[in-house]
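# fold the following and give me the result.
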Amino acid sequence: MSLGDLEKKFIAVVEDVLPSVVSVYTTVMARVDLFRVAPVQGMGSGVIVEEDGIIITNAHVVRKAQKIGLQLH
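Alright, predicted model coming up:
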């Protein structure tokens, strides 16, 4: 298998799975100094695993989040 063939197969796999990948955006209230708490933005990724919208992501991505947003690709 040539490098070009491998690249074509890789591109095909990415195109097949990309619709199931989501970006996860979070807002967490975090202490920024001794007296202040402020919103802090975070980002991670997830995968849609069921047609009805079940998404799997790592716990640290959404832990303590007050706000969660998703973007489909």
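# after the lengthiest helix in the chain, which helix or strand is next?
Secondary structure of the chain read by DSSP state H shows that its longest helix is helix 3-17. Downstream of helix 3-17, the next assigned helix or strand under DSSP states H and E is strand 21-31.
# what pairs with that next one, parallel or antiparallel?
Under the criterion DSSP bridges, strand 21-31 sits next to strand 37-48 (antiparallel), strand 67-72 (antiparallel) in its sheet.
# which one of the ones you listed lies nearest to Phe10?
Of all these, it is strand 37-48 that lies closest to Phe10, at 18.0 Å by CB to CB. Every C-beta, even on glycine, is put in place using the N, C-alpha and C of the backbone.
# and the helix or strand following the closest one, which residues are buried?
Using DSSP H and E, the helix or strand that directly follows strand 37-48 along the chain is strand 55-57. Across strand 55-57, burial judged by 16 or more other CB atoms under 10 Å covers Thr57.
# which neighbouring elements make contact with the following helix or strand past strand 55-57?
Proceeding N to C from strand 55-57, the next assigned helix or strand is helix 59-62, under DSSP H and E. Helix 59-62 sits against strand 21-31, strand 37-48, with contacts defined as 3 or more CB pairs under 8 Å, 6 or more residues apart in numbering; DSSP states H and E.
# all good on my end, thank you.
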